[in-house]
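**Student:** Fold the following and give me the result.
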Amino acid sequence: MSKTRAFTLIELLVVIAIIAILAAILFPVFAKAREKARSIACLSNLKQVGIGLMQYTQDADEKYPCGIYNTASGHYGLGWAGQMYPYIKSQAVFKCPNDPTPNYVAPDGSVAPPLSYGVNLNIVEPTYGQPAASLAALTSPAKSVFLFEIQGQDVYLSDPNEGHSGAGNGVGALTDYGNYVTGYMGGRLPSNAGYDLYHFPKPLGIHTDGSNFLMADGHAKWLRGAAVSSGMNAAAPTDAQKAPCTTGSFDTAHCAAAGVDSSELWAVTFSLQ
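**Tutor:** Residues are numbered from 1 along each chain as shown. Below you'll find the model as predicted:
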């Protein structure tokens with residue numbers, strides 16, 4: 001009579017151990033692949049916004065969007081996304097796949113979708129009470145940040161007067177509300193750049209230790225936060241970054257970003273010159 005040979009307990013444990021080891025190796029790889037796909041989708045969204053930005057500037061005599069003028073604060077800046085929306089006509093483009101911010105549903109049933117990008121305050125309001133800079137005012141648009149990644153903001157994008165899409169320059173909190181997910185920028189820790197940790201929920205960046213940025217010439221790229229010089233507009237293109245902001249005064253003398261032609265090794269800067 002023939003006998004049926006079964007697996008021994010040791011053999012089963014060896015197989016289970018091999019499967020566990022393979023899973024431990026492959027699952028992080030799959031997770032990184034999924035994250036890379038989300039990062040690429042986000043970058044693609046920014047590129048679409050960049051195309052809309054170039055169309056907007058062509059129609060606006062090479063002026064960047066400035067948002068609406070707030071009579072209470074005397075500032076421009078809030079509302080840039082509503083101005084650009086007619087050139088893009090897709091609310092999905094303004095949301096990064098990694099942004100967990102939910103839609104805001106108002107009591108009247110209207111819906112404000114998430115906005116995953118903030119605009120460089122130095123561009124939309126170069127000086128207090130002055131509307132947006134022109135393309136000609138930038139020394140090197142390819143090196144000046146226009147949009148960066150944020151979370152926690154929702155906006156009625158189809159309303160050209162929405163007045164909520166926010167701005168910032170990497171020093172101090174965003175205007176209106178929302179948080180940076182760029183990672184710490186320009187070597188500035190939150191404690192010496194006017195932040196608390198709440199404003200930086202992703203110290204290393206939202207996409208594999210970095211995040212996506214849109215430049216003022218319309219091209220987008222992934223960068224580590226440490227490669228981006230944040231702060232106020234530099235006084236001259238060759239100026240070094242002024243940091244840290246330990247005086248409590250967020251001004252050019254203490255908190256300026258590096259100029260676009262600075263000898264420091266920054267990939268891009270929040271400065272216009």
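**Student:** how near is the residue positioned nearest the centre of the chain to T208?
**Tutor:** Closest to where the C-alpha atoms of the chain average out (Cα atoms, centre = their mean) is E149, at 1.6 Å. Distance, E149 to T208, using Cβ to Cβ, to the nearest Å: 13 Å. All C-beta atoms are positioned from the backbone trio N, CA, C, and that covers glycine.
**Student:** Ok, R224 next?
**Tutor:** 10 Å.
**Student:** Between the two, which has more neighbouring residues?
**Tutor:** When neighbours are counted by other Cβ atoms under 10 Å, R224 and T208 differ, and R224 comes out ahead with 17 against 14.
**Student:** Show me the strands in the chain, by range?
**Tutor:** 104-105, 111-112, 117-120, 145-151, 167-168, 179-180, 211-215, 220-223, 228-229, 268-269 (DSSP state E).
**Student:** pLDDT of the third one, averaged?
**Tutor:** Across strand 117-120, pLDDT averages out at 95.
**Student:** Need the contact partners of it.
**Tutor:** With contact meaning Cβ atoms under 8 Å, 6 or more residues apart in numbering, strand 117-120 is reached by 46, 49, 65, 77, 80-81, 94, 96, 144-150, 153, 165-169, 174, 178, 180, 214, 216, 270.
**Student:** run the last query once more with 6 Å
**Tutor:** 80, 145-148, 150, 166-168, 174, 270 (Cβ atoms under 6 Å, 6 or more residues apart in numbering).
**Student:** That strand pairs with which strands, parallel or anti?
**Tutor:** In the sheet, strand 117-120 lines up against strand 145-151 (antiparallel), strand 167-168 (parallel) (DSSP bridges).
**Student:** Next, the angle from the first one to strand 211-215.
**Tutor:** Angle of strand 145-151 versus strand 211-215, following axes from the mean of the first three to the mean of the last three Cα atoms, to 10 degrees, is 150 degrees.
**Student:** From the chain's centroid, how far away is strand 145-151?
**Tutor:** 2 Å (Cα atoms, centre = their mean, to the nearest Å).
**Student:** picking up where we left off before, quickly, which of the strands paired with strand 117-120 bottoms out on average pLDDT?
**Tutor:** strand 167-168 (a mean of 91).
**Student:** residue ranges with poor pLDDT in the stretch 151-273 of the chain?
**Tutor:** 194, 246-248 (pLDDT under 70).
**Student:** Put the buried members of the contacts of strand 117-120 into a PyMOL selection.
**Tutor:** In PyMOL, a selection of the buried entries from these looks like this (16 or more other Cβ atoms under 10 Å):
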select buried, resi 80+145+146+147+148+150+166+167+168+174+270
